[in-house]
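K.L.:
Build the 3D model from these lines:
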Amino acid sequence: MTPSMRRRYGRNPPVVQSGDTKQFRRLLVYPRRQCKWLALILGLNLISSAAITVQPWPLKILVDYALGDVQPPASLIRLVGLLSPSVTVVTLVVVAALASLLIFIVSGVVSYWSAWAWARAGQRMVFDLATDLFGRYQRLSLSFHRRHPVGDALDRLSGDTYAIYDATRLLLVTPIEKVITIAAVGLVAWNLDARLTLLSFAAAPLMAGFAIWLGPRLRSRERRRREARSRITTFVHQTLTAIPVVQSFGAERQNAATYSELADDLVAVSQRNRLAHSLFEMSNAVAVAVGTAVILLIGGLEVVSRSLPLGTLLVFLAYLRSLYAALRELFGTYGTLQSARAGLERVVQILESPAEVPLAAEPVVADRSKGHVAFHGVSYGFEPGRLVLEDITLEVRPGEMIALVGKTGAGKSALVSLIPRFDDPVSGYITLDGIDIRRLDIESLRSQISVLFQEPFLLPTTVAENIRLARRGASQADVEEAARRAGADSFIRALPDGYETSIGELGATLSGGEKQRLAIARAILKDAPILILDEPTSALDAETERSLMEDLNKLCEDRSTILIAHRISSIRHADRIVVIDGCRVAEQGTHEALIRQDGLYRKLWSISEGVEVLT
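P.N.:
The predicted model follows:
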């Protein structure tokens, strides 16, 4: 890892080196899950190689037995006897033509089913890997997501995961097939006859007809595939954009299940798309095969009439084409494999990123908390060596409301983000009801906490589903009751489809106050004993803020509450105000007590008089 990459990735693991293959072993599980399908593909490819090997035999019948002086074997005589009472040169020519057509049919059927099996096994491997990668992204800490843009995650999920498909094909299936083909095929070079070349072009109108017939179907299925891929990319982008609310409400499993459903849809669409392309490719091969059969028949009859030289050239051309194609694909696997490996390295880098929020080996599942939160000598920094909090010792007693104030960048939001373990402290620890939160089951811990952010993260789904995110399985009556208590029911019912209205990306169809009321309804539905309000009204106008603060004050009743706010008017009623300055707790007390002191809070209050805004 270069110094610039080390600065970028911080505590992330180094990129997998080209000579290190141990990290790739974990990826073997994905091909292993599809072992039956891969075995079927290998079997079909062996049949295909065998068909290529026997492909020249019809010409051997034509050249050696029909046109030459070689005596046909008894088995061939018995076969011809099934079609004709006498073995003549004409019957041998007809047998050669029919045999060629039969070999093509077998090859075409095998190719079709091989493509179908690859669509099933390959796409399933890709999306199994992508589902696991997506789940891993959801569980990585906020520090990780701050260092890695969403676009990079989308690229790894939608592009790099396909490397498992390429790697399996290039390392397992292609070499076996091509080595067998190369070993079985012989090459001979011949000059083409002009008349037979002209006959070959007779297949062109048939190929054009197939293209005109299949063209609209190919466009339609490709469009559906792209639409399905766009849906899954949109969902991933929105989920990762709202990662704080996803982690806060423990929605990782729900989102992973949704992703899996979207992936299943894309697998089905991709399979139909692949089969359409296979049918198109096979239709062109049909035209070529029919033309070859015609050439064999007409060319053979012309040889009988001594108007055409020996047709052994066609045998050699068939072998030559097969051999060169096999060699090109075999040696081409190396360069393609390097691209696949680069993608696998990027996938493994995320899958093997060390947990910055490690889970306990034997986690404690907490009952409903009393809401007693305590910070014990906590220090924290967004980057190693740059602390924003240092030696913070602070207690939030059950049912108490404390307010955090300080200049912008003082570390207020960083402090509260440590409670639901979005990140872990560099040193020190935090307890919930006397238990170190690192010992708690992380889902159990987060179920005790409701978080309202300055930006009310909303998913691009219905109003009801956004509220129900707080408690999966909540009834419609519970959702509506939470909305009424949050003062949101009236505007929700005014929407085109009420609670089933889709609110668009990040709630773009709602006002700031409406979005925040939905977030409050979500917190009410969760009914957690600890409430974190991280500047939930700072982006709103004063009138909307006053209205929302009345609802928030009701929500805070009988809960331990930590409030971060810029406006002093929003925090005066707090039981205790804690001033953060210089990475430490500088002052704490009631509003009246802090005003009497000649400290930072009094200066901030003086600045805010008249405009009521802390700067």
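K.L.:
Give me the nearest residue to residue 377, chain neighbours excluded.
P.N.:
Take residue 377 and drop its neighbours on the chain: the residue closest to it by CB to CB, 6 or more residues apart in numbering is residue 428, 3.9 Å away. Placement of C-beta: from N, CA and C, glycine included.
K.L.:
And for the nearest residue to residue 416 once chain neighbours are set aside, the neighbour number?
P.N.:
Leaving aside its sequence neighbours, residue 416 sits nearest to residue 532 (CB to CB, 6+ apart; 4.9 Å). Neighbourhood size, residue 532 [other CB atoms under 10 Å]: 25.
K.L.:
Where does residue 532 fall, secondary structure wise?
P.N.:
Here residue 532, judged by DSSP states H and E, is contained in strand 530-534.
K.L.:
picking that back up, would you confirm that the residue nearest to residue 416 contacts residue 559?
P.N.:
No - distance between residue 532 and residue 559: 10.2 Å, which falls outside the contact criterion (CB atoms under 8 Å).
K.L.:
Where does the prediction get shaky in the stretch 1-150 of the chain?
P.N.:
Within the stretch 1-150 of the chain, the stretches with pLDDT under 70 are 1-24, 52-53, 55-57, 59-71, 75, 149.
K.L.:
Which parts of it are helices?
P.N.:
Along the stretch 1-150 of the chain, counting by DSSP state H, counting those that start in this stretch, helices occupy 3-9, 29-33, 35-54, 57-60, 74-81, 89-139, 142-147, 150-158.
K.L.:
and residue 266, which of those is closest to it?
P.N.:
Residue 266 lies closest, by CB to CB, to one member of the helices of the stretch 1-150 of the chain: helix 89-139, at 7.1 Å.
K.L.:
so the closest one versus helix 35-54, what angle?
P.N.:
If you take axes from the mean of the first three to the mean of the last three CA atoms, to 10 degrees, helix 89-139 sits at 150 degrees to helix 35-54.
K.L.:
how far off helix 74-81 does helix 89-139 point, in degrees?
P.N.:
Using the same axes, to 10 degrees, helix 89-139 lies at 100 degrees relative to helix 74-81.
K.L.:
chain center to helix 89-139, what's the gap?
P.N.:
Centre-to-centre, helix 89-139 and its host chain are 25 Å apart (CA atoms, centre = their mean, to the nearest Å).
K.L.:
And stretch 156-168, by the same measure?
P.N.:
Relative to its parent chain, stretch 156-168 has a centroid offset of 10 Å by CA atoms, centre = their mean.
K.L.:
Surely residue 429 is in contact with residue 440?
P.N.:
No - contact criterion CB under 8 Å: residue 429 and residue 440 do not qualify, at 11.8 Å.
K.L.:
Give me the more crowded residue out of those two.
P.N.:
Neighbours around residue 429 and residue 440, counted as other CB under 10 Å, are more numerous at residue 440. The numbers are 23 against 16.
K.L.:
can you pull up the bridge partners for the more buried one?
P.N.:
On the basis of DSSP bridges, residue 440 is bridged to residue 364.
K.L.:
State the distance from it to residue 164.
P.N.:
Separation of residue 440 from residue 164 (CB to CB, to the nearest Å): 35 Å.
K.L.:
Pull the number of nearby residues for the nearest residue to residue 106 once chain neighbours are set aside.
P.N.:
What sits nearest to residue 106 in space, not counting adjacent residues and going by CB to CB, 6+ apart, is residue 51, at 5.4 Å. Per other CB under 10 Å, the neighbour tally for residue 51 reads 19.
K.L.:
List the residues that contact residue 51.
P.N.:
If a contact means CB atoms under 8 Å, 6 or more residues apart in numbering, then residue 51 has 103, 106-107, 110 as its contacts.
K.L.:
Would you mind putting those into a markdown table with neighbour count and distance to residue 501 alongside?
P.N.:
Converted to a markdown table, the contacts of residue 51 look like this (neighbours: other CB atoms under 10 Å; distance: CB to CB, whole Å):
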| residue | neighbour count | distance to residue 501 |
| --- | --- | --- |
| 103 | 20 | 61 |
| 106 | 15 | 57 |
| 107 | 20 | 55 |
| 110 | 19 | 52 |
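K.L.:
with those in mind, which one is nearest to residue 356?
P.N.:
Closest approach to residue 356 among the contacts of residue 51 (CB to CB): residue 110, at 50.2 Å.
K.L.:
Surely that closest one touches residue 42?
P.N.:
No - with contacts defined as CB under 8 Å, residue 110 does not count as touching residue 42, sitting 11.9 Å away.
K.L.:
quick revisit: closest to residue 394 out of the helices of the stretch 1-150 of the chain?
P.N.:
In terms of CB to CB, the element of these nearest to residue 394 is helix 142-147, at 20.5 Å.
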